[in-house]
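Peer 1: Fold the following and give me the result.
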Amino acid sequence: MKYAVVAIAVPLKSFYTYSFDDSVLSVSKGIRVKVNFAGRPVIAFVVDVQDELDKSLEGFAIKPILSVVDDQSLFDDEAVKLALWMEKFYLCSRGEALSAMIPSGKRDTAYSPLSADDLPLSQEKALNEEQRKAYEAICSRPGESFYLFGITGSGKSEVFFQVAKHYIEQGRQVIYLVPEITLTHQVQAMVASRFNGRVAVLHSALSPSQRIAQWRRIRRGEVDLVIGARSAVFAPFASLGLIIIDEEHESSYKADNSPRYHARQVAQYRCSINKATLLMGSATPSMEAFKLMKEGKLARLDLKQRAAGGALPSIELVDMKGEKSLLGRRLRLEMGEVLGKGRQVILFLNRRGYSNCLHCSSCGHTIQCPHCSVAMTYHKSSGKLVCHYCGSQMDVPESCPECHSTDLIFGGFGTERVEVEVKASFPSCKVARIDTDTVKDKKALASVLKSFRDGDIDILIGTQMVAKGLNFPLVELVGVISADSSLSIPDFRAQERTFCQLVQVSGRSGRYDDQGKVILQAYKVDSPAIIDAMNLDLEGFYEKELIMRDLTEFPPYTRLINLVFRSKSLNLAKSFSEEAAQVLCSSLDKLKAAGRCSQLPQVIGAQECPLDRIAGSYRYHIVLRGKDFACMHELASKALALLKVPRGVYVEVDVDPVHLL
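Peer 2: Numbering: from 1, shown residues only. Prediction:
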């Protein structure tokens, strides 16, 4: 009899030991096994195999392993080391970290690698002077961190690819991260012919079995370059030389389930232990990256010219007060002119559905989700009210549930309603919409994007899927239907998020000529984010926003840890969050008395989250804020260890949150 030490994806720090007969089961470090845990079969990760039972476990009933999932190792000692770092940094368990890192597929399907025959050829392009200087700087200083700060259309991708090729020729391997599946398709099309099919793709649109097939190809050394969204940062390369993070500012690089890791932070750690180069890039860096560049802690490489020669688009701000239609008169006029020339239009609105609320004009009541503290969105195609947080649906009521009036009015609008108005206004044009309602799988998305690129679609309407990175030569006009819609979100990053979104979507226009135009429609036309985006004043916006963040003590001048307590019981969520606040304050007093911290952190809360109820769970939170991150982290770690979480309460730990909703 032998024994396997395993990690399980539960929020408990312990390892667990199970027995196995090595004449029956082949168990080794780095594989997954199925075990009985808390009365149910679960997947566990084998981190060690022992010939003898640890003496501390003698006298305990050791359960047997139920079955073996893998016939070969999926992770190595570096992965276990990375999981240990994640456990400490993100205050999660080792099992949760390993579960986030390793695909969940059970079998290896025949998922073929990319080949040049499958995708359009993309030949290497000659670099212009700016691109060449950036390329030479990156290649001549391996192991350092760089930021490619380039305007939209400046050819950042070409620099990324040529740097990747350089590192691969040196015998090193490369991870290329993109924030959206839409961009994964575009990058795929650009790399197949360049890297001889030695490319793997890792993203959420693949089935678990396809992901595990790719993972095993990487482990077998059949891959030089991995492309993918957030989780591709864990690709199991043996000789990692370069990690590229395209559109570094994107919040989708932050995981929204435990462990709530940020791909940028994981990339920084992996580069440090592998002496690899970290190369990030964007036209709109995160505030954190901009501050590091300003302080000289991150090498800044500027690209100020469009690679294809086109000028930056002209941007016009339109005040929508007094307008009757979603398409203002100015936007409608410009659309007519552009479409008349056989060119294309992109319309951007980061809200899906037809109307984003249904309210009673008699008493003012808004129909809310029965499980969340948000208004239901009306989807005309299904005739249903839908919650965009928990997914619940209901029929449109005939009368107000509060006062029983039948005077119900749809308010607000989303991409579905924009599509209806566009088709009515431009009936002879071919119109397509891209959002999570219309694009259910990767094939549908790729098909729409290809049709638009080929000129078979005149007007493309979309959410953030169309706002970044995509390159369409025929697009001459971008219309932003509601440029100020995200400014009302109660979050400290609202201005930054709005600015980045507007600059990025504006960059889809006029990438190959000087005719590009952008129309920003807004009601809050005096917002700094909108004015600076209209003027493409990046340095001005960042400098002003840094001053504001410094004054209000928000990142990047402080660090945050957000502790969320959720429960189906309002009283439980409230009372336990208050108990946690008392434990934190008591622990803070001890740190103060010991003189351990250079600057003591703040304990803010407990209080209701801005979204105080989601999927039937009530939510309270405590925010730790401070400049001494080590002290703040120690405070959270010790307090969480002291707390005895009652049944029915779940604690979510978010280190360096991207929002506080």
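Peer 1: remind me, longest helix of the chain?
Peer 2: In the chain, taking DSSP state H as the definition, the longest helix is helix 570-594.
Peer 1: Would you mark the buried spots in that helix?
Peer 2: For helix 570-594, burial by neighbour count (16 or more other CB atoms under 10 Å) applies to 572-577, 580-581, 583-584, 587-588, 591. Every C-beta, even on glycine, is put in place using the N, C-alpha and C of the backbone.
Peer 1: tell me what that helix is packed against?
Peer 2: Applying 3 or more CB pairs under 8 Å, 6 or more residues apart in numbering; DSSP states H and E, we find helix 570-594 packed against strand 559-567, strand 602-614, strand 617-626, helix 629-642, strand 649-655.
Peer 1: Turn those into a markdown table, including mean pLDDT and distance to residue 204.
Peer 2: Formatted as a markdown table, the helices and strands packed on helix 570-594 follow (pLDDT from 0 to 100; distance: least, CB to CB, whole Å):
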| stretch | mean pLDDT | distance to residue 204 |
| --- | --- | --- |
| strand 559-567 | 97 | 23 |
| strand 602-614 | 94 | 21 |
| strand 617-626 | 97 | 24 |
| helix 629-642 | 94 | 29 |
| strand 649-655 | 97 | 20 |
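Peer 1: Throw those into a markdown table and include distance to residue 21 and mean neighbour count, thanks.
Peer 2: Putting those into a markdown table (distance: least, CB to CB, whole Å; neighbours: other CB atoms under 10 Å) gives the following:
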| stretch | distance to residue 21 | mean neighbour count |
| --- | --- | --- |
| strand 559-567 | 43 | 23 |
| strand 602-614 | 46 | 18 |
| strand 617-626 | 43 | 22 |
| helix 629-642 | 37 | 18 |
| strand 649-655 | 38 | 19 |
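Peer 1: what would these look like in JSON lines with distance to residue 471?
Peer 2: Listed next are these as JSON lines, based on distance: least, CB to CB, whole Å:
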{"stretch": "strand 559-567", "distance to residue 471": "35"}
{"stretch": "strand 602-614", "distance to residue 471": "35"}
{"stretch": "strand 617-626", "distance to residue 471": "40"}
{"stretch": "helix 629-642", "distance to residue 471": "38"}
{"stretch": "strand 649-655", "distance to residue 471": "34"}
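Peer 1: just the helices in the stretch 51-200 of the chain please.
Peer 2: Secondary structure of the stretch 51-200 of the chain (DSSP state H, counting those that start in this stretch): helices located at 77-90, 94-101, 129-140, 156-169, 181-191.
Peer 1: measure the residue nearest to residue 54 when sequence neighbours are not counted to residue 458 for me?
Peer 2: Spatially, and ignoring its direct neighbours in sequence, residue 54 is nearest to residue 17 (6.8 Å; CB to CB, 6 or more residues apart in numbering). Residue 17 sits 64 Å away from residue 458 when distances are taken as CB to CB, to the nearest Å.
Peer 1: More neighbours: those two, which one.
Peer 2: residue 458 (21 against 18; other CB atoms under 10 Å).
Peer 1: As CSV, could you dump the C-alpha coordinates of stretch 377-390?
Peer 2: Extracted C-alpha coordinates of stretch 377-390, given in CSV (Å, rounded to 0.1, in the frame of the first residue of the first chain):
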residue,chain,number,x,y,z
THR,A,377,-33.6,43.9,-19.0
TYR,A,378,-36.2,43.4,-21.7
HIS,A,379,-35.2,41.2,-24.7
LYS,A,380,-37.5,41.7,-27.6
SER,A,381,-36.4,38.6,-29.5
SER,A,382,-37.5,36.3,-26.7
GLY,A,383,-40.2,38.6,-25.3
LYS,A,384,-38.8,38.1,-21.8
LEU,A,385,-37.3,40.1,-19.0
VAL,A,386,-33.8,38.8,-18.2
CYS,A,387,-31.4,39.4,-15.3
HIS,A,388,-27.9,39.9,-16.7
TYR,A,389,-26.4,38.9,-13.3
CYS,A,390,-28.0,35.6,-12.5
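Peer 1: Now do the buried residues in that stretch.
Peer 2: Applying 16+ other CB under 10 Å to stretch 377-390 flags 377, 378, 379, 384, 385, 386, 387, 388, 390 as buried.
Peer 1: Export those residues as TSV, with columns for distance to residue 297, secondary structure and pLDDT.
Peer 2: Conversion of the buried residues of stretch 377-390 to TSV gives the following (distance: CB to CB, whole Å; DSSP: H, G, I helix; E, B strand; the rest coil; pLDDT from 0 to 100):
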residue	distance to residue 297	secondary structure	pLDDT
377	43	strand	91
378	48	strand	92
379	47	strand	91
384	50	strand	92
385	49	strand	93
386	45	strand	92
387	43	coil	90
388	38	coil	87
390	41	coil	86
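Peer 1: now, the most widely separated pair of those residues?
Peer 2: 378 and 390 (16.4 Å; CB to CB).
Peer 1: on that earlier part again, of all the helices and strands packed on helix 570-594, which lies closest to residue 434?
Peer 2: Using CB to CB, the helices and strands packed on helix 570-594 put strand 602-614 closest to residue 434, at 25.8 Å.
Peer 1: relative to strand 559-567, how tilted is the closest one?
Peer 2: 40 degrees (axes from the mean of the first three to the mean of the last three CA atoms, to 10 degrees).
Peer 1: With only the CA atoms kept, save strand 602-614 in CSV.
Peer 2: Extracted in CSV, the C-alpha atoms of strand 602-614 (Å, rounded to 0.1, in the frame of the first residue of the first chain):
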residue,chain,number,x,y,z
GLN,A,602,-7.7,51.4,7.0
VAL,A,603,-10.5,49.0,7.7
ILE,A,604,-13.6,50.3,5.9
GLY,A,605,-16.9,48.7,6.7
ALA,A,606,-18.7,46.4,7.2
GLN,A,607,-21.3,47.7,4.8
GLU,A,608,-23.6,46.6,2.0
CYS,A,609,-22.0,46.1,-1.3
PRO,A,610,-23.2,48.5,-4.0
LEU,A,611,-24.9,45.4,-5.6
ASP,A,612,-26.2,44.2,-2.3
ARG,A,613,-28.0,41.1,-3.6
ILE,A,614,-26.9,38.8,-6.5
